Every structure is written in C-alpha cells, then in structure tokens.
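Colleague: Sequence and computational prediction follow.
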Amino acid sequence: LAGAGIDIASLANNHILDYGPDALSDTIALLDGRGIAHAGAGEDAARARTPAIVTRGGMRIAFLSYVDVPLEWQGFDTRQWEATAAAPGVAWLHIEDVKADVAAARRLADLVVVLMHFGFEEQYSPSETQRAQARAAIDAGAVLVIGHHPHVLQPVEWYGKGLIVYS
C-alpha cells in the first residue's frame, strides 16, 4: 500500500474482523509501521471513532470512517463487531456519534471527510437511511461523504455545503 502511494485506509467495513481481533491489531500495527493513517476500527470505541488526519498542501484533512450494513445473506450480523469501551471493533454508523465526531474533527482540521461503508449490495439507489446518515455528516460540518459497500455505482449529490458520493 505504501509503495502504491496509499496514505490513508478506511477500516470500517464488514470484513475487517473476519480473522478476529488479533488480526485487526496486526493490521493496525502494520499500517502504523508504514505511516498509513487509518480510521473506522480500533482497540476500543474511542480509537475506532478517532479521525485520521493528514496534511496536504498546507491543509489538515480529517477522515472519519463508519460502517452500517444489513444482515448478510448467511445471517451474519456485522453489528456484533461494533467497538465498545472495552472491546476492539468497528465504528458503527450512529448518526449522533457521526455528528459529534465531525464537530470534534472540525476543531482539529480544515476539512472533514466521512467514509461510510453502508447500504445494500447491488442497489443502484441509496436508501432513505443512507441519505439521512450522509446528510447528517454534511450538516455537522463534513465537506465530503464517500460511501461504499453496494458494489455498484450510486448517485452523487450536492447537499448543503458538501458533496455526497453514495457509492
């Protein structure tokens, strides 16, 4: 990743804990060791919700990352991987948390970007829930929301003072 110029990674997704919490810790250590910033998963909820901040062109850019995917076809519920105060996991996409995290990140950075692993696979339109989640991030001060998970393209929307790319 570092050799390819990747300098930030979103860890909030429905596969980050496929090999358990030790593998998550290994992933974080490997990224840290190569200077690749990351957001969206961590050793506890506070670290999972901590923004990754990079500086480019004199601007500090904060990245936050969250996941909210439905039950998978095999019945697996990614929500069981939500980080807690005492357990590693992902930053789950709770609107109130997103609003608080974006507001806090705005105090640390010039721009805030929110990455959302959300929605339903193979759906070409975002759900009303996705729209509400993405718009809440913009309303809280993010300038860009980038969605991923559906495996297909979804619309792009100018909303308020920001841009939402649903997938």
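Modeller: That came in fine, so what should we check first? Numbering: from 1, shown residues only.
Colleague: Quick one: the helices in this structure, in order.
Modeller: In the chain, the helices defined using DSSP state H lie at 20-33, 45-48, 95-106, 128-139.
Colleague: and those as a markdown table, adding mean neighbour count and distance to Q74?
Modeller: All C-beta spots, glycine's among them, are computed from the backbone N, C-alpha and C. As requested, those are arranged in a markdown table below (neighbours: other C-beta atoms under 10 Å; distance: least, C-beta to C-beta, whole Å):
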| stretch | mean neighbour count | distance to Q74 |
| --- | --- | --- |
| helix 20-33 | 14 | 18 |
| helix 45-48 | 18 | 24 |
| helix 95-106 | 18 | 27 |
| helix 128-139 | 19 | 22 |
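Colleague: Same list, the ones you listed, but as JSON lines with distance to Y159 please.
Modeller: Below are the helices of the chain laid out as JSON lines (distance: least, C-beta to C-beta, whole Å):
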{"stretch": "helix 20-33", "distance to Y159": "31"}
{"stretch": "helix 45-48", "distance to Y159": "26"}
{"stretch": "helix 95-106", "distance to Y159": "14"}
{"stretch": "helix 128-139", "distance to Y159": "5"}
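Colleague: Let me see the contact set for V112.
Modeller: For V112, the contact set (C-beta atoms under 8 Å, 6 or more residues apart in numbering) comprises P51, I61, A62, F63, L64, V102, A105, R106, G141, A142, V143.
Colleague: can you pick the most crowded of these?
Modeller: Using other C-beta atoms under 10 Å as the neighbour criterion, A142 leads the contacts of V112 with 30 neighbours.
Colleague: So for that residue, what's the pLDDT?
Modeller: pLDDT recorded at A142 is 98.
Colleague: Double-check it against V114; I have them as touching.
Modeller: Yes: between A142 and V114 there is a contact under C-beta atoms under 8 Å: 4.7 Å.
Colleague: Now do the shared contacts for these two.
Modeller: L64, V102.
Colleague: Show the end-to-end separation of stretch 48-55, please.
Modeller: 20 Å (C-alpha to C-alpha, to the nearest Å).
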